[in-house]
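**Q** Pasted the sequence and its predicted model underneath.
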Amino acid sequence: MLSEVRFEGVHKIFGAETAVEDLNLTVNAGEFLVLVGPSGCGKTTTLRMLAGLERPSYGRILIGDRLVNNVSPRFRDVAMVFQSYALYPHMNVYDNLAFGMRARGAAGSVVAERVKETADVLGLGHLLKRRPSELSGGQRQRVALGRALIRQPQVFLMDEPLSNLDAGLRVQMRAELSRLHERFRVTTLYVTHDQVEAMTMGDRIAVMNLGRLQQVDAPETLYDNPANIFVAGFIGSPRMNFVPGRLTTTQGKTAIEFLGVKTPISAGSQLTGETTGGEVTVGLRPEDLMWGRVASPDSTLTVSAEVDVVEPMGHEAYVTAVCAGETVTSRFPPRSGVRTRERVELALNPARLHLFDARSGRTILQRPVAGGADVRRTVREARKEEPAEGRSDLQRQTGARGAPSRAEEIS
Ligand SMILES: Nc1ncnc2c1ncn2[C@@H]1O[C@H](COP(=O)(O)OP(=O)(O)OP(=O)(O)O)[C@@H](O)[C@H]1O
Ligand SMILES: [Mg+2]
């Protein structure tokens with residue numbers, strides 16, 4: 001049984017501070033939705049309201065068709081995994097995993113079976129006798145996930161669950177979580193600061209800023225067609241370059257002037273918004289601003305720039321250069337040999353420009369989705385097409401769900 005989650009006009013006000021403002025968001029049944037945004041934008045507050053640990057100041061929260069505003073955490077059938085996970089230090093892994101089920105009075109044989117299953121899925125089978133203090137950080141994190149998984153809730157809430165792990169373990173756990181989600185398809189709301197997690201794990205990404213939802217879309221759509229400057233700057237690393245520009249119309253044809261060059265609006269893109277006096281902000285992703293010597297043939301616009309900083313990353317280099325008085329970052333091949341104060345030619349493809357109204361920051365250009373999302377197959381999509389062996393399992397188990405879980409398990 002998969003449940004969708006809906007926030008309808010939800011606000012959360014703490015004294016003088018509005019942590020979440022008019023949130024309207026649906027997490028589809030079985031979806032993995034990633035919530036991103038800068039520190040303090042309201043992500044944890046959103047999760048806590050859904051878990052029942054905070055009450056919305058206004059608005060409605062629904063799980064499935066059920067209005068849960070006044071439902072206490074333990075009757076919501078939601079499991080939350082926090083960044084700082086809590087395990088019982090005096091219990092071994094087995095007992096940590098079994099605790100919730102035992103508390104609900106599950107039979108010993110059922111507990112044993114479920115613990116084994118969960119431990120297998122998480123690769124904890126050989127660690128069941130150890131105490132948390134005898135585990136690595138990543139193993140502890142997996143036990144914490146196991147404690148949430150074993151409950152087979154309708155909804156998973158995860159608040160930066162991988163942020164305490166080292167880089168290697170993060171990669172491993174990222175894949176693990178994606179696999180678990182493909183297997184059980186529990187509706188998931190996942191908070192992260194990590195771009196890569198957001199882009200690779202999310203069916204969709206929701207971007208928040210200052211308590212307000214900015215955009216919710218598939219990762220590629222968000223990247224190619226950000227709704228505003230905030231989203232454009234937040235998604236993508238290195239960050240999108242923003243430079244001032246101006247729209248001019250002669251004989252019905254609109255052109256953009258920026259960095260001392262002028263180019264018509266490219267075919268296929270559509271101007272959709274109003275601008276204030278033609279003042280626009282032009283957005284250029286660093287990978288679309290290439291070194292002239294290696295640029296693709298469709299990078300027909302060239303500008304001259306003076307190199308300021310070269311940051312070698314190994315497989316590529318980020319080159320910060322000054323062009324027509326603006327500082328821009330571009331991605332260079334490794335070992336290009338360019339140096340500080342050298343003059344280089346940067347080339348860009350006019351079809352890859354982003355345009356925003358200079359005042360409102362809203363996008364005014366709808367670009368075609370690059371390369372056709374229909375021909376590319378991401379790892380995420382490929383996994384989805386695999387047979388979902390675990391699903392019937394889960395249905396069996398959710399059908400047999402026992403008494404509601406205890407409040408302490410939420411936190
Ligand atoms: N209990 C509270 N009392 C008062 N203000 C709060 C409370 N909880 C959160 N806030 C405020 O609400 C805003 C949103 O906080 P929240 O914890 O949701 O941010 P966040 O997006 O999770 O940030 P981070 O990425 O740093 O975890 C912040 O400005 C925070 O100071
Ligand atoms: Mg938080």
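**A** Alright, I've got the coordinates. Because the structure is a prediction, the values reported are computed rather than measured. Residues are numbered from 1 along each chain as shown. Ligands and ions are numbered 1, 2, ... in the order given.
**Q** okay, CA-based contacts and neighbour counts for the rest of this
**A** Noted.
**Q** quick one: contacts for the residue of the stretch 51-200 of the chain found nearest ligand 1?
**A** Nearest residue of the stretch 51-200 of the chain to ligand 1: His193, at 7.0 Å (Cα to the nearest ligand atom). Applying Cα atoms under 8 Å, 6 or more residues apart in numbering to His193 gives the contacts 36-38, 160.
**Q** and it, that's in a strand?
**A** No. Counting by DSSP: H, G, I helix; E, B strand; the rest coil, His193 is not found in a strand; it is coil.
**Q** gap between it and Leu128?
**A** Distance, His193 to Leu128, using Cα to Cα, to the nearest Å: 31 Å.
**Q** Next: Lys253.
**A** 70 Å.
**Q** And those two? Which one has more around it.
**A** A direct count of neighbours by other Cα atoms under 10 Å for Lys253 and Leu128 places Leu128 higher, at 17 against 9.
**Q** Leu97 is in contact with the more buried one, correct?
**A** No. With contact defined as Cα atoms under 8 Å, Leu128 does not reach Leu97; the gap is 9.0 Å.
**Q** For stretch 31-47, which outside residues touch it?
**A** Contacts to stretch 31-47, defined as Cα under 8 Å, 6+ apart, come from residues 12, 19-20, 27, 54, 157, 159, 181, 185-193, 198, 201-212, 234.
**Q** Now which of those residues would you call buried?
**A** Listed as buried from these are 12, 19-20, 27, 157, 159, 181, 185-193, 198, 201-212, 234; burial here means 16 or more other Cα atoms under 10 Å.
**Q** Report the beta-bridge partners for Ala79.
**A** With DSSP bridges as the criterion, Ala79 is bridged to Phe156.
**Q** distance of the closest residue to Asp203 other than its chain neighbours from ligand 1?
**A** Of all residues not flanking Asp203 in the chain, Phe32 sits nearest, at 5.4 Å (Cα to Cα, 6 or more residues apart in numbering). Counting by Cα to the nearest ligand atom, to the nearest Å, the separation of Phe32 from ligand 1 is 18 Å.
**Q** Figure out the helix or strand that the residue most central in space within the chain lives in.
**A** The chain has Ala198 as the residue nearest its centroid, 2.7 Å off, counting by Cα atoms, centre = their mean. Element membership for Ala198, per DSSP states H and E: helix 195-201.
**Q** For ligand 1, what is the nearest residue in the stretch 201-350 of the chain?
**A** For the stretch 201-350 of the chain, Cα to the nearest ligand atom, closest residue to ligand 1: Gly211, 6.9 Å.
**Q** on contacts alone, who are the packing partners of the helix or strand hosting Leu222?
**A** For Leu222, the host element (DSSP H and E) is helix 219-224. Helix 219-224 is packed against helix 195-201, strand 204-209, with contacts defined by 3 or more Cα pairs under 8 Å, 6 or more residues apart in numbering; DSSP states H and E.
**Q** Please point out which parts of the first one sit buried.
**A** Within helix 195-201, the residues that count as buried by 16+ other Cα under 10 Å are 197-201.
**Q** Run a quick neighbour tally on Ala324.
**A** 14.
**Q** pLDDT score assigned to it?
**A** Note on Ala324: pLDDT of 94.
**Q** Briefly note if stretch 154-172 comes near ligand 1.
**A** No. Stretch 154-172 stays clear of ligand 1 (Cα under 6 Å from any ligand atom), getting no nearer than 8.0 Å.
**Q** Return the distance of that stretch from the chain's centre.
**A** Remark: stretch 154-172 is offset 12 Å from the chain centroid, using Cα atoms, centre = their mean, to the nearest Å.
**Q** And for that stretch, what's in contact with it?
**A** By Cα under 8 Å, 6+ apart, the residues outside stretch 154-172 that reach it are 1-3, 44, 47, 51, 77-84, 137-138, 141, 148, 173-174, 186-193.
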